[in-house]
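Asks: predicted structure and sequence below. I'll ask about it afterward.
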Amino acid sequence: MKRLLILIMGAVILSCLPGCDAAGGGTGAGNGLRSNNDNVKYWGDEGSCGENITWTYDKAKKTLTITGTGEMETPETHMWSDYEIDQLILSEGITSIADGAFYANYGLTGELVLPESLKEIGEFAFYGCEGLTGELILPDSVETVGDYAFTRCTGFSGISLSRSLKYIGVESFKEMHGLTGSLILPEGLETIGRVAFSRCENLRGDLKLPDSVTFIGDYTFAECGFDGTLTLSKGLTEIPDAAFTSCKSFKGDLVIPEGVTSVGMRAFAEDGFDGTLTLPEGLEYIGISSFTCPSFTGPLVIPDSVTLIDSSAFLACKGFTSLQLPKGLQYIRDDVFLQCEGMTGELKLPSSLVVIGDGAFSATSFTGELTLPAGLESIGSSSFSGCSKLTSIKGFPDTLRHIKRSAFIGCSSLKGELVLPEKTAYIGTDAFRNCPLLTKVTFGKYVKSIGAGAFAGCDALKTVEFTGDIPDYYGPSEKEPSFPEGCKVDAPASADKLSEIWAKKASQTGPGNGENGNDDMLSEEPWYWTMSLTGNIFQGGGYYADVVLYFDDADILVKINGRDFLTVPYYADQNAYSEEEQVVLTDGFFCRDGCITSLKFENGFGNDEQLYAELVKEDGSSEEVVFHTGSEECLYLTEDAP
């Protein structure tokens, strides 16, 4: 009795809803529904769905017929989603299909014939209707395909778009795995939403974006199967993230049109292009992993307008034969040209260059002399590792602050003498390992540390000379000596050993009495922003690249030149919300050239996490030092970068 009352009340409510009057009733397979559970919604056998549109449902034939003129309107976004429909008849005169009208109707089967009067297909209109088959033909009257309109309609075997089409929504044709043949985008099309054709992996042929297209979203054509060429619209100003990623069968040249200023992250990653790459003058930004296409050929010319080439932009592009960098480029990010092993000839670095990021030119084939720019400050970890055809380095600039870990490891053709600038403070672990033709190294007056194995395997190296105090280095009796066996170390008679000075000062500035500490707080598991500290390695920037801070739950382990130097307890308010309040407090500790009491946490460029501190020296002077988790260039870049 209760169920009967509910059904009667439901029928009354439906009859009162505006825009759709339903007649008939009941549920179950006998009414053409897919099941008879309580979740199935049945709107009767006939009714209205628009001011001048009516619909009827033939239970026996499982045919839904919608007739009339104007826009379709439904009070229920999934109006016919639970009807089992073997044939859908949409009459001429209908101008739109309502949002969600057939959403996820797995019982809708057969070919879909759309009326020539149709102008708009609503959001989610046929989402997930896997039983629809044949070619999807959008009549030339259609101007708009809404978001998710045909997402996962896997039964269609081909697609023909309207010649009047202006707008394709978000994910409109995503994962239509059954689509084969070509995709022809009409002249006049303006917008293609994000993920619109993603994972239509059986589409073939060329893909041409007409010049009328001014916007495409991220992942628009990701993982599609096109096996011809790609022509981009001249109306585009940017290529968004992953727009064409993993289109592994594209062939031929790729031309980025004039007017494009930005190419987003992974825009063309892992694509199959086997011709040349042309980048336009006016391009400013090349995103992370944007062109990681191993089969590109010919020279790579990056226009002078480019101000930032982001991480791994051309990673493993083995087919490029040469490289021309922008004249005004200041920073080369990490791994940008890593494993571009086909690049050969002279590497000409722009005079404006300040930082060469970690792994930037690793495993390339550049030859001859390497000329470093006059204003260069940082040579990153593994930045030239495995560049076995470089024969010499023409002068290290006076501005150079450090040469990081493995920077020139395996540069087996480097020969002759290295003269390092006066203020170069750190030569990292394995920096010149296995450079067997180097004969002498002269260090500048203010060198602080030389890492383990820095010149190991440099068999011809017979003499190293210190011109100031003796830096910390790994001696012959240690596991990984900084210099090869038999290498003579010369230093002024008056030179002090920096490692002994550091140890003495550290003992005089111990952890203190714990005034800034709180044992209860320190014993808690860090959370919120302090999770960025725990387990992370923060390396010093600039002249302090030999210093590393390692955080565990309650202590900071300070390392200098790879050696455990001291451990100091710290306190941080895990609940601090703003960056102004996110501060690491200690009772003071010695850090190579002076003492640090507190460190302020900041989120830097990209994923770089940074700690800024005031370092107070023995003479009372101070300087700002920074420790961070990323490549050196992150200290110079801001999120406002293009």
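Replies: All right, it came through fine.

Asks: residues contacting the nearest residue to R563 once chain neighbours are set aside?
Replies: Nearest residue to R563, sequence neighbours excluded (CB to CB, 6 or more residues apart in numbering): D472, at 7.5 Å. C-beta coordinates here come from the backbone N, C-alpha and C atoms, glycine included. Shown in contact with D472 (CB atoms under 8 Å, 6 or more residues apart in numbering): 448-450, 497-499, 502, 546, 560-561, 563.

Asks: I'd like those residues written out as CSV, with pLDDT added.
Replies: Output for these, formatted as CSV (pLDDT from 0 to 100):
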residue, pLDDT
K448, 98
S449, 98
I450, 98
K497, 96
L498, 96
S499, 94
W502, 94
D546, 97
I560, 97
N561, 97
R563, 96
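
Asks: now those residues: which count as buried?
Replies: Buried by 16 or more other CB atoms under 10 Å: 448-450, 498-499, 502, 546, 560-561, 563, out of those.

Asks: which of those residues sits closest to P280?
Replies: D546 (42.5 Å; CB to CB).

Asks: wait, that closest one touches V558, no?
Replies: No: if you go by CB atoms under 8 Å, D546 and V558 don't touch, sitting 11.3 Å apart.

Asks: neighbours around the spatially closest residue to T278 that is not a sequence neighbour, how many?
Replies: Spatial nearest neighbour of T278, chain neighbours left out: V255 (4.5 Å); criterion: CB to CB, 6+ apart. Residues lying near V255 (other CB atoms under 10 Å) number 16.

Asks: wait, V255 touches L232, no?
Replies: Yes: if you go by CB under 8 Å, V255 and L232 touch, sitting 7.1 Å apart.

Asks: quick one: end-to-end length of stretch 423-440, please.
Replies: Distance between the two ends of stretch 423-440: 19 Å, counting by CA to CA, to the nearest Å.

Asks: okay, buried residues for that stretch please.
Replies: Judged by neighbour count using 16+ other CB under 10 Å, the buried positions of stretch 423-440 are 424-435, 437-438, 440.

Asks: those residues: which two are farthest apart?
Replies: Distance extremes for those: the farthest pair is A425 and L437 at 25.8 Å, using CB to CB.

Asks: ok, so of the contacts of D472, who is nearest G181?
Replies: Top of the list for closeness to G181, among the contacts of D472 and by CB to CB, is D546 at 61.0 Å.

Asks: quick check: that closest one vs G468, distance?
Replies: Using CB to CB, to the nearest Å, we find D546 at a distance of 15 Å from G468.

Asks: tally of neighbours for the closest residue to G275 other than its chain neighbours?
Replies: Closest residue to G275 apart from its sequence neighbours, by CB to CB, 6+ apart: D253 at 3.6 Å. Neighbours of D253 under the rule other CB under 10 Å: 15.

Asks: check the gap between D253 and S295 for me.
Replies: For D253 relative to S295 (CB to CB), the value is 11 Å.

Asks: now the common contact residues for the two.
Replies: Common neighbours of D253 and S295 (CB under 8 Å, 6+ apart) are F273.

Asks: run through the bridge partners of T63.
Replies: On the basis of DSSP bridges, T63 is bridged to D58, Q87.

Asks: isn't it up against I85?
Replies: Yes: judged on CB under 8 Å, T63 makes contact with I85 at a distance of 7.2 Å.

Asks: between those two, which is the more surrounded one?
Replies: I85 (23 against 15).

Asks: got the phi/psi numbers for that one?
Replies: The phi/psi pair for I85 (degrees, to the nearest 10) reads phi -120, psi 110.

Asks: quick check: it touching L108?
Replies: Yes: between I85 and L108 there is a contact at 4.6 Å, judged by CB under 8 Å.

Asks: any residues in contact with both of these two?
Replies: Any residue near both I85 and L108 by CB under 8 Å, 6+ apart counts here, and that gives F102.

Asks: which residues of the stretch 251-400 of the chain score low on pLDDT?
Replies: Within the stretch 251-400 of the chain, no range satisfies pLDDT under 70.

Asks: low pLDDT regions in the protein?
Replies: In the chain, residues with pLDDT under 70: 1-42, 509-527, 640-642.

Asks: let's see that with 80 instead.
Replies: The model of the chain has pLDDT under 80 over residues 1-43, 75-78, 508-528, 553, 639-642.

Asks: helix, strand or coil for K504?
Replies: Here K504 is helix, with the state taken from DSSP: H, G, I helix; E, B strand; the rest coil.

Asks: please disregard the earlier target; I meant E633.
Replies: Using three-state DSSP, the structure places E633 in helix.

Asks: surely it touches Y331?
Replies: Yes: between E633 and Y331 there is a contact under CB under 8 Å: 4.1 Å.

Asks: ends of stretch 597-614, what's the gap?
Replies: Stretch 597-614: ends 8 Å apart by CA to CA.

Asks: ah, wrong one, I meant stretch 92-112
Replies: 14 Å.

Asks: quick one: buried residues of it?
Replies: For stretch 92-112, the neighbour count (16+ other CB under 10 Å) marks 94-105, 107-109, 112 as buried.

Asks: also stretch 323-333?
Replies: 323, 325-326, 329-333.

Asks: same thing with stretch 576-593?
Replies: Buried residues in stretch 576-593, counted by 16+ other CB under 10 Å: 582-593.

Asks: which of these sits closest to S162?
Replies: Of all the buried residues of stretch 576-593, Q582 has the smallest distance to S162: 54.1 Å, by CB to CB.

Asks: is it true that the closest one touches N575?
Replies: No: contact criterion CB under 8 Å: Q582 and N575 do not qualify, at 10.1 Å.
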